[in-house]
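J.: The following comprises the amino acid sequence and a computationally predicted model.
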Amino acid sequence: MPSALAAESGFPSSINPVASRLAYAGLIPFVLGALLIWLLAGYSLEAHAFVALGLSAYAALVLSFLGGIHWGLAMRQQIPSPMPFVWGVVPSLLAWVAVVMPAYAGLVLHGVMLVVCYLVDRRLYPGLGVSAWLTLRFRLSAVAALCCFLGAAGS
């Protein structure tokens, strides 16, 4: 039975299976990037740096997307609070800083931010009527953050 808040907000109380499959497919660059960082270690510094930058850039894109979700949710509110707009830019700004850092440090920042974004969403999503996404968000965030941490360790 859908929650009253989800029904009022216009959001479904379950996850669209296409969205779920696409979300899991979005983990491919994380897993592949972390794997290639370790496989290329010691072979080609140029290729290793390219893969590390690719993983870092992808993590930054995902973090920007996660922040942007808060803008979209805030825009649906009758009287939006400024906080979702403020929080929505924080992941992008920190991800940008992480991309220009050396991979061993930037990927750690990306991993930490993926965890922080999940914790913020865990707190805010129920009040916005989108708590049905939290299980999927946990799984995606755990794998993505782990890949960033593994990538940092291999850099």
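T.: Good, I have the coordinates.

J.: for the closest residue in space to residue 153 that isn't next to it in sequence, what are its contacts?
T.: In space, residue 153 comes closest to residue 104 once its chain neighbours are excluded; the distance is 7.9 Å by CB to CB, 6 or more residues apart in numbering. Bear in mind the C-beta positions are built from the backbone N, C-alpha and C, glycine included. Residues in contact with residue 104, defined by CB atoms under 8 Å, 6 or more residues apart in numbering, are 152, 153, 155.

J.: element containing the first one?
T.: If you go by DSSP states H and E, residue 152 is part of helix 134-153.

J.: For that helix, C-alpha coordinates in PDB please.
T.: This file holds the C-alpha atoms of helix 134-153, laid out as PDB (Å, rounded to 0.1, in the frame of the first residue of the first chain):
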ATOM      1  CA  LEU A 134      16.700   4.100  -0.100                       C
ATOM      2  CA  THR A 135      17.500   0.400  -0.400                       C
ATOM      3  CA  LEU A 136      18.700   0.800  -4.000                       C
ATOM      4  CA  ARG A 137      20.600   3.900  -3.000                       C
ATOM      5  CA  PHE A 138      22.400   2.000  -0.200                       C
ATOM      6  CA  ARG A 139      23.500  -0.700  -2.600                       C
ATOM      7  CA  LEU A 140      24.700   1.600  -5.300                       C
ATOM      8  CA  SER A 141      26.500   3.900  -2.800                       C
ATOM      9  CA  ALA A 142      28.200   1.000  -1.100                       C
ATOM     10  CA  VAL A 143      29.500  -0.500  -4.300                       C
ATOM     11  CA  ALA A 144      30.500   2.900  -5.800                       C
ATOM     12  CA  ALA A 145      32.200   4.100  -2.600                       C
ATOM     13  CA  LEU A 146      34.100   0.800  -2.300                       C
ATOM     14  CA  CYS A 147      35.300   1.100  -5.900                       C
ATOM     15  CA  CYS A 148      36.600   4.600  -5.200                       C
ATOM     16  CA  PHE A 149      38.400   3.400  -2.100                       C
ATOM     17  CA  LEU A 150      39.900   0.500  -3.900                       C
ATOM     18  CA  GLY A 151      40.900   2.700  -6.800                       C
ATOM     19  CA  ALA A 152      42.600   5.100  -4.400                       C
ATOM     20  CA  ALA A 153      44.400   2.200  -2.800                       C
END
